[in-house]
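**Student:** prediction below, plus the sequence it came from.
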Amino acid sequence: QKEVEQNSGPLSVPEGAIASLNCTYSDRGSQSFFWYRQYSGKSPELIMFIYSNGDKEDGRFTAQLNKASQYVSLLIRDSQPSDSATYLCAVNPGSSNTGKLIFGQGTTLQVKP
Amino acid sequence: GAGVSQSPSNKVTEKGKDVELRCDPISGHTALYWYRQSLGQGLEFLIYFQGNSAPDKSGLPSDRFSAERTGGSVSTLTIQRTQQEDSAVYLCASSLAGGKNQPQHFGDGTRLSIL
């Protein structure tokens, strides 16, 4: 079992729809969770982080965390073609006492005009 | 500078040569991380620096890889006797502090190609 799992996609949604990206993790002691966006040929860009169970909203983005189910998700409302990118889920494992991150393989999102 | 700066942006070298990759973190960030991203492997942690010391080197794939950080700022990742499997994008990230719950910000990376 991979430490951080994401569906590679592509996930295709029409412009204006809600895109839902999901991530599961294996280390139950994990405490912090990050979502990065990566455009083709570019480096990852931090868009959201969440530490506590529940929802965290920032503009069109909402991160959701359920530690009991070891599940974290990212919702993008009113999706735009510019949101088309690969979304990386990253987890700080409980087994580490540093900030090192374990990344999923990423989900490719396509927003069609 | 405003962000994490890495150089060179691209490096092509022959198998067996040594390479040095440089990272200049965001000013004031005490924690620095090296990752690499290759096709099929995703983004993998290599090493973590807090100040000038490296308490976590667990991701370095072999003893051909080493890194140092001086003055609590610039870091250099060195790969000796490069192999073709070392071809990847090497990414540096920094965060304000080194513990958990610290967002990391990435540089643009160095694309390394081993011929």
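**Tutor:** Ah, there it is.

**Student:** which ones are touching residue 80?
**Tutor:** Let's take chain A. For residue A:80, the residues meeting the contact criterion (C-beta atoms under 8 Å, 6 or more residues apart in numbering or on different chains) are A:15, A:111. Where C-beta positions appear, they are placed from N, C-alpha and C, glycine not excepted.

**Student:** right idea, wrong chain: chain B
**Tutor:** B:18, B:64, B:65, B:66.

**Student:** buried ones among those residues?
**Tutor:** With burial judged by 16 or more other C-beta atoms under 10 Å in any protein chain shown, the buried subset of the contacts of residue B:80 is residue B:65.

**Student:** from the contacts of residue B:80, which single one is nearest chain A?
**Tutor:** Of all the contacts of residue B:80, the one sitting nearest chain A is residue B:65; the distance, using C-beta to the nearest C-beta, is 15.7 Å.

**Student:** tell me the pLDDT at the closest one?
**Tutor:** On the pLDDT scale, residue B:65 is placed at 98.

**Student:** surely it touches residue B:82?
**Tutor:** No: the criterion here is C-beta atoms under 8 Å, and residue B:65 misses it with residue B:82 at 10.1 Å.

**Student:** per-residue confidence for residue B:49?
**Tutor:** pLDDT, residue B:49: 95.

**Student:** my bad, should have said residue A:109
**Tutor:** On pLDDT, residue A:109 comes in at 98.

**Student:** tell me the contacts of it?
**Tutor:** Shown here is residue A:109, whose contacts under the criterion C-beta under 8 Å, 6+ apart are A:9-11, A:13, A:19, A:21, A:76, A:79, A:83-87.

**Student:** if we go to 6 Å?
**Tutor:** Counting by C-beta atoms under 6 Å, 6 or more residues apart in numbering or on different chains, residue A:109 touches A:11, A:19, A:84, A:87.

**Student:** same deal with residue B:4?
**Tutor:** Under the criterion of C-beta under 6 Å, 6+ apart, the neighbours of residue B:4 are B:25, B:26, B:92, B:94, B:105, B:107.
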